[in-house]
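[1] Build me a model from this:
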Amino acid sequence: MDNKEKTLKEIIVGIVNEPDVTVDSLDNDAVLIGEDGLFVDSIDVLELVVQIEKQFGIKVTDNQIRSQFKSIKTVLDFIEANAK
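    Residues are numbered from 1 along each chain as shown. Now for the predicted structure:
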């Protein structure tokens, strides 16, 4: 697990705040947003975006949330392509 992946997973664990969700338990194919995802609440999604922008120096648009925030892997790919 590289530093970006670990940082992203730590952000997710902090937002989800469930005892059974840990950095090690998160699979990169885990769905992030929606009924079957880790984030059902739009406030949680907003917190995720704010933390990603802050930690990785990336500006995230609404369209990018819809297209790039499907799973941990797609967010990692987005971070890799856009991080400064």
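[2] for the helix or strand bottoming out on mean pLDDT in the chain, the distance to its chain's centre please.
    None of the helices or strands of the chain scores lower by mean pLDDT, DSSP states H and E than helix 62-68, at a mean of 89. Computed by Cα atoms, centre = their mean, to the nearest Å, the chain-centroid distance of helix 62-68 equals 12 Å.
[3] Just the residues contacting that helix, thanks.
    33, 45, 49, 74-75, 77-78 (Cβ atoms under 8 Å, 6 or more residues apart in numbering). For the C-beta atoms, the positions are set from N, CA and C on the backbone; glycine is no exception.
[4] And stretch 3-11, by the same measure?
    The contact list for stretch 3-11 (Cβ under 8 Å, 6+ apart) reads 1, 23, 26, 28, 48, 51-52, 55-56, 72, 75-76, 79-80, 83.
[5] Where does the prediction get shaky in this protein?
    Along the chain, segments meeting pLDDT under 70 span 40.
[6] Many thanks, have a good one.
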